[in-house]
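A.B. asks: What would the 3D arrangement of this be:
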Amino acid sequence: TDTENILVAAGEAASLDLAVSSSSITAGDSIDLTVTLYDTYGNIATGYTGEVGFSTTDPHVAAVVPGPYTFTSGIGGDNGTHTFLGGATLVTTPDQDITAEDTEDSTLTDTENILVAAGEAASLDLVTLASATAGTPFNVDVTIYDQFNNVVTTYGGTVTFSSSDGLPFPATLPGDSTLTNGTGTFSVTLYTAGDQTITTTDTVDGTLTDTETVAVNAGAPNHLIVVLGDDSINSGDSTNVTVTVKDEFENTVTDYTGIVSFTSTDPLGSLPDDYQFTTGPGEDNGTHLYPDGVTLYTPGTQTVTATGTTGEQGSFSGADSINVILPQPPTPAAPTVVPLPQQDQLRYIFPPLERLMGTTGVMVTPVDLITSDALAHSTFFYHPLTETDTAAFDTAFTLGEGAYEFINGNINILGHEGLLPILEEVKKKKKII
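C.D. replies: Okay, here's the model as predicted:
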């Protein structure tokens with residue numbers, strides 16, 4: 001017998017094999033890649049000196065694969081196989097491919113699929129509508145992501161909700177809630193018109209939080225706010241009236257374009273004509289002022305009611321009350337009393353005209369005390385005093401020339417030139433001096 005040893009060299013590379021150190025990783029982890037070239041018979045093609053390039057289906061910018069690599073042969077060379085330690089990093093769930101391929105011969109290629117699991121929770125994302133109608137529920141979505149924006153399906157925490165929409169109609173929010181596979185859908189209702197925020201936060205890790213803003217629009221018209229310009233007015237006076245259209249949550253309905261009309265408990269009242277509201281810059285936008293629009297006449301508490309109408313909503317109204325009063329006659333101003341010297345006083349009280357004139361029922365106006373026959377011999381007059389006015393009229397007068405008017409026992413001195421009253425005490429009542 002005889003044995004001969006024959007050296008068999010590998011043929012040319014006929015296939016390429018890509019091996020990975022792990023077929024399942026967490027996003028962001030690195031793995032080793034080993035590339036081996038074989039000939040047709042499964043021998044390692046130790047003489048292979050081609051260039052191998054790498055690619056991956058992972059679209060994330062953080063995904064990494066080795067750059068092109070040229071194999072070497074001989075002592076210290078690759079001799080058909082090469083390992084890239086930590087050569088690939090994948091970050092996108094749920095699975096990604098890595099491909100190694102000869103840059104000249106596309107038949108020398110191999111692809112491996114690696115399962116990629118999400119990493120730890122790194123962020124919370126809240127998705128809401130951009131706008132909503134007051135009082136109308138809408139859904140919000142909550143999702144937990146890792147640092148590479150993968151949904152953390154293993155998240156087992158609890159989230160809580162809050163909102164800027166507070167009193168008098170606080171937002172209707174979910175209670176503290178868990179998520180299913182890292183995500184959840186919840187119902188929210190906001191009530192106050194304007195920009196309102198919704199915030200969702202992990203109950204343990206406060207860094208897992210997100211806030212979104214929702215533009216809340218007023219709901220359908222529900223009632224009117226009527227404001228009269230005064231608490232009370234005089235009968236026949238006018239006052240302003242302002243009307244604002246509100247939804248059921250007291251939001252001003254800025255897009256209302258219906259008609260508002262007026263009624264009053266005062267049957268004599270004058271009220272504004274029917275008016276159609278307008279919208280837009282410089283327009284009503286839910287509020288209209290009627291200057292001096294209401295005039296009321298009937299005394300007492302009167303009510304002014306405004307009623308709005310729309311084709312779809314029917315009618316809605318609001319009212320305000322005011323006290324109507326009868327104006328009191330003006331109080332006459334107190335006369336300005338200017339004391340005069342006694343010789344210039346113009347009015348005195350005397351006995352009844354009949355006694356002065358001597359003729360019953362005869363009125364002489366004016367009377368010249370000097371030329372009148374009836375008074376020609378009377379120089380001094382004395383008022384017949386009563387017990388209560390003695391002090392006031394204990395005086396005697398000398399009347400000179402002048403004109404006088406007699407009315408019900410009063411003598412009005414119309415002209416007093418030459419009048420010289422001489423005041424002296426009258427020692428005896430009922431005496432004509």
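
A.B. asks: Now do the end-to-end distance for stretch 94-113.
C.D. replies: 10 Å (CA to CA, to the nearest Å).

A.B. asks: List the buried residues of it.
C.D. replies: The neighbour-count check on stretch 94-113 (16 or more other CB atoms under 10 Å) flags 96, 98, 100, 101, 102, 108, 110, 112 as buried. Every residue, glycine included, has its C-beta placed from N, CA and C.

A.B. asks: now the fourth one, nearest residue through space, not along the chain?
C.D. replies: Ranked by CB to CB, 6 or more residues apart in numbering and with sequence neighbours excluded, the top spatial neighbour of residue 101 is residue 109, at 3.9 Å.

A.B. asks: now the first one
C.D. replies: What sits nearest to residue 96 in space, not counting adjacent residues and going by CB to CB, 6+ apart, is residue 58, at 4.2 Å.

A.B. asks: residue contacts, the one you found?
C.D. replies: Residues in contact with residue 58 (CB atoms under 8 Å, 6 or more residues apart in numbering) are 90, 91, 92, 96, 116.

A.B. asks: do the same with residue 198
C.D. replies: The contact partners of residue 198, taken as CB under 8 Å, 6+ apart, are 126, 128, 140, 161-163, 171, 173, 188, 190, 211-212, 214.

A.B. asks: if we can go back for a sec, what's the most distant pair in the contacts of residue 58?
C.D. replies: By the measure CB to CB, 91 and 96 form the most distant pair in the contacts of residue 58, at 8.5 Å.

A.B. asks: Give the residues shared as contacts by those two.
C.D. replies: Common neighbours of residue 91 and residue 96, counting by CB under 8 Å, 6+ apart, are 58, 63, 116.

A.B. asks: For the stretch 1-150 of the chain, which segments are assigned as strands?
C.D. replies: Ranges of strands within the stretch 1-150 of the chain are 15-20, 24-26, 30-38, 51-56, 69-70, 81-89, 95-102, 109-117, 123-127, 131-133, 138-145, based on DSSP state E, counting those that start in this stretch.

A.B. asks: Could you export those strands as CSV, including mean pLDDT and distance to residue 230?
C.D. replies: Below are the strands of the stretch 1-150 of the chain laid out as CSV (pLDDT from 0 to 100; distance: least, CB to CB, whole Å):
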stretch, mean pLDDT, distance to residue 230
strand 15-20, 97, 87
strand 24-26, 97, 75
strand 30-38, 97, 81
strand 51-56, 98, 79
strand 69-70, 98, 92
strand 81-89, 97, 78
strand 95-102, 98, 77
strand 109-117, 98, 74
strand 123-127, 98, 50
strand 131-133, 98, 37
strand 138-145, 98, 44
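
A.B. asks: Residue 290: which of those is closest?
C.D. replies: strand 131-133 (29.3 Å).

A.B. asks: Please spell out which residues along that closest one are buried.
C.D. replies: For strand 131-133, the buried set under the neighbour-count rule, 16+ other CB under 10 Å, comprises 132, 133.

A.B. asks: residues touching residue 26, list them.
C.D. replies: If a contact means CB under 8 Å, 6+ apart, then residue 26 has 116, 117, 118, 119 as its contacts.

A.B. asks: ok, what's across the strand from it?
C.D. replies: residue 117 (DSSP bridges).

A.B. asks: same check, this time on the one 5 residues further on
C.D. replies: Counting by DSSP bridges, residue 31 forms beta bridges with residue 88.

A.B. asks: so it touches residue 85, yeah?
C.D. replies: No. Look at residue 31 against residue 85 with CB atoms under 8 Å: they stay out of range, at 9.6 Å.

A.B. asks: Could you tell me what pLDDT the model assigned to the closest residue to residue 105 other than its chain neighbours?
C.D. replies: Distance criterion CB to CB, 6+ apart; nearest residue to residue 105, sequence neighbours excluded, is residue 50 at 7.0 Å. For residue 50, the pLDDT comes out at 96.

A.B. asks: okay, now residue 50: neighbour count?
C.D. replies: Here the number of neighbours of residue 50 (other CB atoms under 10 Å) works out to 16.

A.B. asks: Over to residue 188?
C.D. replies: Counted by other CB under 10 Å, the residues lying close to residue 188 total 21.

A.B. asks: Kindly report the same for the one 3 residues further on.
C.D. replies: Neighbouring residues of residue 191 were enumerated by other CB under 10 Å; the total is 24.

A.B. asks: same check, this time on residue 286
C.D. replies: 21.

A.B. asks: was I right about it contacting residue 258?
C.D. replies: No. Counting by CB under 8 Å, residue 286 stays clear of residue 258, with 10.9 Å between them.

A.B. asks: list the residues that contact both of those two?
C.D. replies: Taking CB under 8 Å, 6+ apart as the contact rule, residue 286 and residue 258 both touch 245, 277.

A.B. asks: who are the neighbours in contact with residue 123?
C.D. replies: By CB under 8 Å, 6+ apart, the neighbours of residue 123 are 144, 145, 147, 149, 208, 210.

A.B. asks: contacting residues around the fourth one?
C.D. replies: Neighbour list for residue 149: residue 123 [criterion: CB under 8 Å, 6+ apart].

A.B. asks: Against residue 116, how distant is it?
C.D. replies: 13 Å (CB to CB, to the nearest Å).

A.B. asks: hang on, the earlier thing: most neighbours among the contacts of residue 123, please name it.
C.D. replies: Result: residue 144 is most packed of these (other CB under 10 Å), 27 neighbours.

A.B. asks: right, and it touches residue 154 too?
C.D. replies: No. Contact between residue 144 and residue 154 fails when scored by CB under 8 Å: they sit 9.3 Å apart.

A.B. asks: Name the residues contacting each of the two.
C.D. replies: residue 182.

A.B. asks: Could you give the bridge partners of residue 263?
C.D. replies: In beta-bridge terms (that is, DSSP bridges), residue 263 pairs with residue 305.

A.B. asks: so what's it up against?
C.D. replies: Residues near residue 263 by CB under 8 Å, 6+ apart: 271, 304, 305, 307.

A.B. asks: Let me see the confidence value for the residue nearest to the second one when sequence neighbours are not counted.
C.D. replies: So that's residue 304. Among residues not flanking residue 304 along the chain, residue 264 sits closest, at 5.0 Å (CB to CB, 6+ apart). On pLDDT, residue 264 comes in at 97.

A.B. asks: ok, back up a step: narrow the contacts of residue 26 to those that are buried.
C.D. replies: Buried subset of the contacts of residue 26 (neighbour count, 16+ other CB under 10 Å): 116, 117, 118, 119.

A.B. asks: how far away is the second one from residue 27?
C.D. replies: It stands for residue 117. Counting by CB to CB, the gap from residue 117 to residue 27 is 7 Å.

A.B. asks: Give the residues shared as contacts by the two.
C.D. replies: Contacts common to residue 117 and residue 27, judged by CB under 8 Å, 6+ apart, are residue 93.
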